[in-house]
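Chemist: I would like the atomic coordinates for the input below:
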Amino acid sequence: MTHTLLIHIVNEDPIVGDVEELPGMNDSLVWVNNPRRKDGKDIHYLDSSVVTILLPVARITFIEIIPSEIEENLISHIKD
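Modeler: Numbering: from 1, shown residues only. Here you go, the predicted structure:
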């Protein structure tokens, strides 16, 4: 299952990307597919053909997990 993450990087704007697995406690790198800005535009410091990046965990402040549409519908249905 693919997870969409909002990754906050030290001294940079946050980026959005997809990961196959959530990073573990002992991981030193995070593999991010389809990296983009929050507004969906390309990241200015990456080549436009890049589809996967490796981010060192030491440069990441924190990570937000963005719920998928299915999870959002399920949660909102339960709250109603």
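Chemist: which residues in this protein form helices?
Modeler: Using DSSP state H, the helices of the chain run over 69-79.
Chemist: Pull up the gap between Asp47 and Glu21, please.
Modeler: Note on Asp47: its distance to Glu21, by CB to CB, to the nearest Å, is 25 Å. C-beta here means a position set from N, CA and C on the backbone, and glycine is covered the same way.
Chemist: out of these two, which sits in the more crowded spot?
Modeler: With neighbours defined as other CB atoms under 10 Å, Asp47 and Glu21 compare such that Glu21 has more, 11 against 7.
Chemist: Can you tell me the closest non-neighbouring residue to Leu46?
Modeler: Among residues not flanking Leu46 along the chain, Pro35 sits closest, at 6.5 Å (CB to CB, 6 or more residues apart in numbering).
Chemist: ok now do the one you found, which residues does it touch?
Modeler: Ile15, Val16, Gly17, Ile43, Leu46, Val50, Thr52, Ile53 (CB atoms under 8 Å, 6 or more residues apart in numbering).
Chemist: With just CA atoms, put the longest strand along the chain into PDB.
Modeler: Taking DSSP state E as the criterion, the chain has its longest strand at strand 29-37. Extracted as PDB, the C-alpha positions of strand 29-37 are listed here (Å, rounded to 0.1, in the frame of the first residue of the first chain):
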ATOM      1  CA  LEU A  29      17.200   7.200   4.500                       C
ATOM      2  CA  VAL A  30      13.600   7.700   3.300                       C
ATOM      3  CA  TRP A  31      12.800   6.600  -0.300                       C
ATOM      4  CA  VAL A  32      10.300   9.100  -1.800                       C
ATOM      5  CA  ASN A  33       8.600   8.500  -5.100                       C
ATOM      6  CA  ASN A  34       7.000  11.400  -7.100                       C
ATOM      7  CA  PRO A  35       8.400  14.200  -5.000                       C
ATOM      8  CA  ARG A  36       6.500  17.500  -5.400                       C
ATOM      9  CA  ARG A  37       5.700  20.700  -3.600                       C
END
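Chemist: Sounds good, over and out.
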